[in-house]
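Student: Here is my input, please return the structure:
(chains A and B)
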Protein chains: 2
Amino acid sequence: MGPVSTSTAVPLTARSPEELTAFLAEQQAAHQALVAAGLTLDLTRGKPAAAQLDLAERLLSLPDGFRSRDGVDVRNYGGLEGIAELREMFAELLWVEPGQVVAGGSSSLVMMREVLVDLWLKGGVTSERPWSQEERVRFLCPVPGYDRHFTLLEWLGIEMVPVPSDEFGPDAEACAALVAEDPSIKGMWVVPTYANPTGSIVGDDVARRLASMPAAAPDFTILWDNAYAFHHLTEEEAASADILTLAAEAGNPHRPVMFASTSKITLAGAGVAFLAGSEEVVRWYLGHLGKGSIGPDKLNQLRHAQFFGSPAGVREHMARHREIIAPKFAEVLRVLDERLAGLGVASWTEPAGGYFISLDVLPGTAARVIELAKQAGVALTPAGSAFPYGQDPEDRNIRLAPTFPEPAEVTRATEVVATCALLAAAETLASGA
Amino acid sequence: MGPVSTSTAVPLTARSPEELTAFLAEQQAAHQALVAAGLTLDLTRGKPAAAQLDLAERLLSLPDGFRSRDGVDVRNYGGLEGIAELREMFAELLWVEPGQVVAGGSSSLVMMREVLVDLWLKGGVTSERPWSQEERVRFLCPVPGYDRHFTLLEWLGIEMVPVPSDEFGPDAEACAALVAEDPSIKGMWVVPTYANPTGSIVGDDVARRLASMPAAAPDFTILWDNAYAFHHLTEEEAASADILTLAAEAGNPHRPVMFASTSKITLAGAGVAFLAGSEEVVRWYLGHLGKGSIGPDKLNQLRHAQFFGSPAGVREHMARHREIIAPKFAEVLRVLDERLAGLGVASWTEPAGGYFISLDVLPGTAARVIELAKQAGVALTPAGSAFPYGQDPEDRNIRLAPTFPEPAEVTRATEVVATCALLAAAETLASGA
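Tutor: Residues are numbered from 1 along each chain as shown, chains lettered A, B, ... in the order given. Sure thing, here's the model as predicted:
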């Protein structure tokens, strides 16, 4: 069934109808062979592999004792803001003061939901009224982006306005123009470092512009989801823009709310999530949180503080993740390059960190590629997932998540994706569409 | 400073002005002596003592392995409803089917907030519209009750309607009359077993009436907070009314939403919380939860499943709690009886389980008693805490929480409370008020 050679790379669009017909037949045969092979592979979600979770094995026999550094019995109720030693550790990693950090439960997504619900029901630090009392509430969503961010907004009835992004993050000028004029635009999502799914890194210029741009809404809020802050794939480690300082310098100290977690550092289901913001934002968040919580799982926080030991311990731990997942990313890129380069029907990102590769296939074929892959036993994230309301206007984006499968599965799954991308492109081009 | 003898118990109200003046002077002297002693004692919150938390010591070195019974790697993402073995264990304990139970994070209060937010923003299984779109939303609140329940409602802007309760729980006829007529009454709180703070137990008759009473609101909801279901103080273990079956039999299967947790079974800050309801209610809850959560801390759930082993393991564990806390409750009751019985200025509950004793002092003096106790170094829950909006209409209720302090502290703190109750009563009666 082996891969069809594409070494003599003539763009498909430059081929004659006869050549295209022959190419289509080749890809159909290749696809049929893959279907017959009865594979079951999955590139859908950004889940750590078992080998990555094994790195945190020692966590399962911690904590030693049950007292925090301050002598608090972490087994009991209380301590809404989290234990001091873990807040300090992540304050240093996130470049903020300990008083600007809350250590919470196991999910930063839950914290994002809490923040959005609080904004909706009560309004934020600089709001004139609860967002639910506004006539219209809209959010800028850099695309492609993270499907769960969009799902949360849709659940709350917040309208989504897609904005383009490139390797330096969201198109800041486009954002600034919209935000300056329209008070219904209350916020935006940013995944600043190794974005989901493109791997883009928000540069200082973009961050400064987003932090300082005049906003018609006094409570314009940047939800800064730094989920992959320490998730480097190369030895050159990108530093996240210091959004809180930039916003404070620009006179908008309460604009950003930062999120981070150890879900992809220690254990995906049993890590610790963090929120950071101005001291007023932290007080605001804790004030609402305290209406319905007596405190987070401090025992798990102590476990994590002991496991890491220091901010350097976090960085060292991430280097071990890199050893496991960097080869998988390299393998995806090798196969894509070998199979698709020069054919003019696909382009893809080459991320320096994070959990995803963003693949753009021939416009109008992404849904078809995903369908063909499914037939061949390879599960991909549904078409349009990286766009608000699931609508990819060009039907061309596919998110590849190579961390979870075993290395051999990554190779095989990517070969399937490549074949399907070629087949779908050939179908479209051969039909003269 | 020893206790002032009240063995010759003549009710204060039956004493002459001269006798009252002398009694007042005695109590003032006793209180002064207590103030001079410089105590620091705390009867405010229902927190387990360190010795109770020690019972769960083995939990700190669990789990063994990281696979659930079904082979799921509990370290990774997913499994919104919780792991099967723990859901089954608590389904049996709560008398429901496993498919009717969700095992969540560490806090049932957080689950209550989620349910109320979902009802508010989206409406429930039987709602005509989201509660936020109703002109008025009200909740029945049996009093005295749990302050955090009331805080949650106030945060959401849900009006609270106090209803009386007695040793068999809420006054069901009063509830039925209100609920039948008024569609703005959307729900009620019930702590069915060993209620906070009275220790009352909802009997089958009351439960059946609440489950079956006609409601003007089609989505009338009972939030059934079974926080103390297994928290017996005597060998005779009260069984909670089977509210889900009763409601289903009455044709109102989606009316109750039950909550429980291991916060006061294993670790107050690091337990597992549960939600139970009809299968439709469970689907409804998970549907909204899934918009902002990838799953609970399943590792902690596996820890708990291994720690308990079986439903019987939970019950046996609770017997060990009883050995620690029953003597503290007995001591509070002994001191209250010795110091206050027969004087006609106080009454109190004698709970068979739970975490609290509810003390009613002379009407109009609860706030004063709490102030006097504070002067003597004993912290009590603020006056009115057990009532909506913090307003005890008779200013007479004080919640005593004896679990957390050491036994000797319980004795001393209760003596202070008794002295302060007598002093405040004497002040009031001697002034002829």
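
Student: Residue A:132 falls within a helix, correct?
Tutor: Yes: judged by DSSP: H, G, I helix; E, B strand; the rest coil, residue A:132 forms part of a helix.

Student: and the closest residue to residue A:144 other than its chain neighbours, what does it touch?
Tutor: Distance criterion CB to CB, 6 or more residues apart in numbering or on different chains; nearest residue to residue A:144, sequence neighbours excluded, is residue A:386 at 3.4 Å. Bear in mind the C-beta positions are built from the backbone N, C-alpha and C, glycine included. Residues in contact with residue A:386 (CB atoms under 8 Å, 6 or more residues apart in numbering or on different chains) are A:143-147, A:196-197, A:358, A:392, A:397, A:399.

Student: Mind putting those residues into TSV with pLDDT and secondary structure?
Tutor: Shown next, in TSV, are the contacts of residue A:386 (pLDDT from 0 to 100; DSSP: H, G, I helix; E, B strand; the rest coil):
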residue	pLDDT	secondary structure
A:143	97	strand
A:144	97	coil
A:145	97	coil
A:146	97	coil
A:147	96	helix
A:196	95	coil
A:197	96	coil
A:358	97	strand
A:392	98	coil
A:397	98	strand
A:399	97	strand
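
Student: Tell me where the stretch 201-350 of chain A has helices.
Tutor: A:204-212, A:243-249, A:279-289, A:298-308, A:311-340 (DSSP state H, counting those that start in this stretch).

Student: Tell me which residues of the shortest one come out buried.
Tutor: Neighbour-count burial for helix A:243-249, counted by 16 or more other CB atoms under 10 Å in any protein chain shown, picks out A:243-244, A:246-248.

Student: Farthest-apart pair in those residues, please.
Tutor: A:243 and A:248 (9.6 Å; CB to CB).

Student: Tell me if I'm right that residue A:193 and residue A:351 touch.
Tutor: No: with contact defined as CB atoms under 8 Å, residue A:193 does not reach residue A:351; the gap is 10.5 Å.

Student: How about the residues of the stretch 1-150 of chain A by chain B?
Tutor: Applying CB under 8 Å from any CB of the partner chain, one finds that the stretch 1-150 of chain A approaches chain B through A:45, A:47-48, A:50, A:53, A:56, A:60-61, A:63, A:66, A:73-79, A:105-107, A:109-110, A:112-113, A:117, A:120-121, A:132, A:148.

Student: Can you tell me which of these are buried?
Tutor: Counted by 16+ other CB under 10 Å, the residues of the stretch 1-150 of chain A next to chain B give A:45, A:47-48, A:53, A:56, A:60, A:63, A:66, A:73-77, A:79, A:105-107, A:109-110, A:112-113, A:117, A:120-121, A:132, A:148 as buried.

Student: what's the closest of the buried residues of helix A:243-249 to residue A:307?
Tutor: residue A:244 (26.2 Å).

Student: got a pLDDT number for the closest one?
Tutor: We note a pLDDT of 97 for residue A:244 in this prediction.

Student: can you tell if the longest strand anywhere in chain A touches chain B?
Tutor: When chain A is parsed with DSSP state E, its longest strand is strand A:159-166. No: between strand A:159-166 and chain B, judged by CB under 8 Å from any CB, nothing touches; the nearest distance is 14.2 Å.

Student: so which helix or strand takes in residue A:411?
Tutor: helix A:407-430 (DSSP states H and E).

Student: Dump the C-alpha coordinates for that helix into CSV.
Tutor: Taking Å, rounded to 0.1, in the frame of the first residue of the first chain, the C-alpha atoms of helix A:407-430 are listed here in CSV:
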residue,chain,number,x,y,z
PRO,A,407,5.3,7.4,17.1
ALA,A,408,4.5,4.6,14.6
GLU,A,409,0.8,5.6,14.7
VAL,A,410,1.7,9.3,14.1
THR,A,411,3.6,8.3,10.9
ARG,A,412,0.8,6.1,9.6
ALA,A,413,-1.9,8.6,10.5
THR,A,414,-0.1,11.4,8.8
GLU,A,415,0.4,9.3,5.7
VAL,A,416,-3.4,8.7,5.6
VAL,A,417,-4.0,12.4,6.0
ALA,A,418,-1.6,13.2,3.1
THR,A,419,-3.2,10.7,0.8
CYS,A,420,-6.7,12.0,1.7
ALA,A,421,-5.6,15.6,1.1
LEU,A,422,-4.2,14.6,-2.3
LEU,A,423,-7.3,12.6,-3.2
ALA,A,424,-9.7,15.3,-2.2
ALA,A,425,-7.7,17.9,-4.2
ALA,A,426,-7.5,15.6,-7.2
GLU,A,427,-11.3,15.0,-7.1
THR,A,428,-11.9,18.8,-7.0
LEU,A,429,-9.4,19.7,-9.7
ALA,A,430,-10.2,16.8,-12.0
